[in-house]
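Peer 1: sequence first, predicted model second:
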Amino acid sequence: MGKYFGTDGFRGEANKTLTFEHAVKIGRFLGWYYGARLDKKAKVVIGKDTRRSSYMFEYALCTGLMASGADAYIMHVTTTPSVAYITRVDDFDCGIMISASHNPYYDNGIKLLNSYGEKMDEETILMVEDYIDGKIEVPVAGRHEIGRTVDYVAGRNRYIGFLISMSKYSFKGIKVGLDVANGAAWQIAKGVYEALGAKVYVMNDNPDGYNINTDCGSTHIEHLQKFVVENRLDIGFAYDGDADRCLCVDEKGNLVTGDHTLYIYGLYMKERGKLLNNKVVTTVMSNFGLYKALDKVGIEYEKTKVGDKYVYENMVKTGNRIGGEQSGHTIFLKYETTGDGILTSLKLMEVMIAKGKPMSELAAPVVFFPQVLKNVRVKSKPDAQNDPDVQAAVKRVADELGDTGRILVRESGTEPVIRVMVEAGTNEICEKYVDSVIEVIKAKGHIA
């Protein structure tokens, strides 16, 4: 991670941590880097979510891009995966998504994508940061070289067509609930499901610039759970602010997480001979219950660091075709380079229809183990993590749990915090083991 950009872009409170000046400079550098430097006019596509500040950042980025000679193609309010898709299929030099995902409205973010629709490489990101800090000079375009903006709502429409084409089945007669989080999916998801014949019940589809993710969407799944039960729906899906993640609710109102999705669709792929390498890709935060369920059906798995970036890197390197996070980021590598909430929901619908089973039955084999996670604020994350006594305490817990649970101790990527997590048969066991490790961290003087 760099000075400004983390694993999911440059994110922070709008005009406090992430300012419009930052956006102009990002546009200025990218317009030059992909254009004048290579002696051509760069083409950059931009999407945004529904935050009030997204409009400001959109214009700031366009200003910077045009001043450096690039043409900015504006998709307007759209999803992160749609920008990734269009960047790749319409031959753009790079793509930019303005969103802070599941964060509150006053935060925002700028995500950069390369020409393949993948998260931009670290080398280019570091050059962007050097320009922001004044370490690199970039010339302005003059005369005929100055760029322009192009309304590119056609790109969003093409992405909608792609989603519709992903379904092998008609959804006629199926009652589907959608919580679009007052976010980027509000103009897309309903149309896709209606085009496929579903009877659609939508909630939180009235964005006002301030209500994105507010008590709605995948971070507040309890509202969709109630909505599905009260309206006697067959299934429900909740997206986050930029719709790159999806959580599901079965017909009984039970939560179906990203871990369940990996099991359900991974098994569906295996049964059809489509699960290359016989593996799914998880992160270290996937629940122990997922691994138990995968073991029972003979599916292998790999574990990466937390972050869909690391899941994708593993998939590209190994050729594994499905991977994701418990939070609902699921990547179907055959079709896309990023998590896509709407595509994920369509894939779950496919399994449900193909097998003729309700979602509750498909998800039942994944029985989550109780989990306790506590954050410990420390003076130095590496010192606490690498302390021999702390490591010995962690090993002792792991040995005592054996194959009945697990312990995970990791550093936060954004805070001076060590996260201690235990999964076991009961909450009491989890609490006991988590506290035993935290006591060692305290005793060794690492607490801030």
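Peer 2: Yep, that arrived.
Peer 1: make it CA atoms for all contacts and neighbour counts henceforth
Peer 2: Will do.
Peer 1: export the helix or strand hosting residue 74 to CSV, keeping only CA atoms.
Peer 2: Remark: residue 74 resides in strand 71-77, with elements defined by DSSP states H and E. Provided in CSV are the C-alpha atoms of strand 71-77 (Å, rounded to 0.1, in the frame of the first residue of the first chain):
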residue,chain,number,x,y,z
ASP,A,71,-10.9,12.3,-23.4
ALA,A,72,-13.1,11.4,-20.4
TYR,A,73,-16.0,9.1,-21.0
ILE,A,74,-18.6,9.5,-18.3
MET,A,75,-20.9,6.5,-17.4
HIS,A,76,-22.6,8.6,-14.7
VAL,A,77,-24.1,6.6,-11.7
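Peer 1: which other helices and strands contact it?
Peer 2: Under the contact criterion of 3 or more CA pairs under 8 Å, 6 or more residues apart in numbering; DSSP states H and E, the helices and strands touching strand 71-77 comprise strand 43-48, helix 52-67, strand 149-151, helix 153-165.
Peer 1: and the angle from that strand to helix 52-67?
Peer 2: Here the directions of strand 71-77 and helix 52-67 differ by 170 degrees (axes from the mean of the first three to the mean of the last three CA atoms, to 10 degrees).
Peer 1: okay, the helices and strands packed on strand 71-77 in a markdown table with distance to residue 31 next?
Peer 2: Rendered in a markdown table, the data for the helices and strands packed on strand 71-77 read as follows (distance: least, CA to CA, whole Å):
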| stretch | distance to residue 31 |
| --- | --- |
| strand 43-48 | 8 |
| helix 52-67 | 5 |
| strand 149-151 | 12 |
| helix 153-165 | 20 |
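Peer 1: tell me the most buried of the ones you listed?
Peer 2: Scoring the helices and strands packed on strand 71-77 by mean neighbour count under mean count of other CA atoms under 10 Å gives strand 43-48 as the most buried, with a mean of 28.
Peer 1: residues in contact with residue 27?
Peer 2: Applying CA atoms under 8 Å, 6 or more residues apart in numbering, we find residue 27 in contact with 60, 61, 62, 63, 64, 65, 68.
Peer 1: that older thread, need the helices and strands packed on strand 71-77 in JSON lines with mean pLDDT, can you?
Peer 2: Rendered in JSON lines, the data for the helices and strands packed on strand 71-77 read as follows (pLDDT from 0 to 100):
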{"stretch": "strand 43-48", "mean pLDDT": "98"}
{"stretch": "helix 52-67", "mean pLDDT": "98"}
{"stretch": "strand 149-151", "mean pLDDT": "98"}
{"stretch": "helix 153-165", "mean pLDDT": "97"}
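Peer 1: for residue 426, find the nearest of the ones you listed.
Peer 2: helix 153-165 (41.3 Å; CA to CA).
Peer 1: pull the distance from the closest one to the chain's centre.
Peer 2: Centroid separation between helix 153-165 and its chain, computed with CA atoms, centre = their mean, to the nearest Å, is 20 Å.
Peer 1: how about stretch 328-339?
Peer 2: On the basis of CA atoms, centre = their mean, stretch 328-339 sits 9 Å off its chain's mean C-alpha point.
Peer 1: output that stretch as PDB, restricted to C-alpha atoms.
Peer 2: Listed in PDB are the C-alpha atoms of stretch 328-339, where the atom choice follows Å, rounded to 0.1, in the frame of the first residue of the first chain:
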ATOM      1  CA  GLY A 328     -20.000 -10.900  -0.400                       C
ATOM      2  CA  HIS A 329     -17.200 -10.100  -2.800                       C
ATOM      3  CA  THR A 330     -17.300 -13.100  -5.200                       C
ATOM      4  CA  ILE A 331     -15.200 -13.300  -8.400                       C
ATOM      5  CA  PHE A 332     -16.200 -15.400 -11.300                       C
ATOM      6  CA  LEU A 333     -13.000 -15.300 -13.300                       C
ATOM      7  CA  LYS A 334     -14.500 -16.600 -16.500                       C
ATOM      8  CA  TYR A 335     -16.600 -13.500 -16.800                       C
ATOM      9  CA  GLU A 336     -15.100 -10.600 -14.800                       C
ATOM     10  CA  THR A 337     -12.000  -9.300 -13.100                       C
ATOM     11  CA  THR A 338     -13.700  -8.000 -10.000                       C
ATOM     12  CA  GLY A 339     -16.400  -8.900  -7.500                       C
END
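Peer 1: show me which positions of it end up buried.
Peer 2: Of the residues in stretch 328-339, those with enough neighbours to count as buried (16 or more other CA atoms under 10 Å) are 328, 329, 330, 331, 332, 333, 336, 337, 338, 339.
Peer 1: which phi and psi does the residue nearest to the first one when sequence neighbours are not counted have?
Peer 2: Distances taken as CA to CA, 6 or more residues apart in numbering put residue 258 closest to residue 328, at 4.1 Å, once the chain neighbours are dropped. With angles defined as degrees, to the nearest 10, residue 258 shows backbone torsions of phi -60, psi -30.
Peer 1: got the contact list for residue 258?
Peer 2: Counting by CA under 8 Å, 6+ apart, residue 258 makes contact with 246, 247, 324, 325, 326, 327, 328, 329, 330.
Peer 1: beta-bridge partners for the first one, please?
Peer 2: The reference is to residue 246. Beta-bridge partners for residue 246, by DSSP bridges, are residue 239.
Peer 1: need the three-state assignment for residue 97.
Peer 2: What DSSP: H, G, I helix; E, B strand; the rest coil gives for residue 97 is strand.
Peer 1: remind me what the strand or helix carrying residue 13 packs against, helices and strands.
Peer 2: Following DSSP H and E, one finds residue 13 within strand 9-13. Taking 3+ CA pairs under 8 Å, 6+ apart as contact, the helices and strands that strand 9-13 lies on are strand 107-113.
Peer 1: state the mean pLDDT of the strand it packs on.
Peer 2: Confidence over strand 107-113, taken as the mean pLDDT, stands at 98.
Peer 1: thinking again about what came up before, just the ones in helices from the buried residues of stretch 328-339, please.
Peer 2: Using DSSP state H, the subset of these located in helices is empty.
Peer 1: got those residues as a markdown table, with distance to residue 282 columns?
Peer 2: Written out in a markdown table, the entries for these read as follows (distance: CA to CA, whole Å):
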| residue | distance to residue 282 |
| --- | --- |
| 328 | 11 |
| 329 | 10 |
| 330 | 10 |
| 331 | 11 |
| 332 | 13 |
| 333 | 14 |
| 336 | 17 |
| 337 | 16 |
| 338 | 14 |
| 339 | 13 |
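Peer 1: mind putting those residues in TSV, pLDDT included?
Peer 2: Putting the buried residues of stretch 328-339 into TSV (pLDDT from 0 to 100) gives the following:
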residue	pLDDT
328	96
329	96
330	98
331	98
332	98
333	96
336	96
337	95
338	95
339	96
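Peer 1: centre of the chain to the strand holding residue 74, how far?
Peer 2: For strand 71-77, the distance to the chain centre is 21 Å (CA atoms, centre = their mean).
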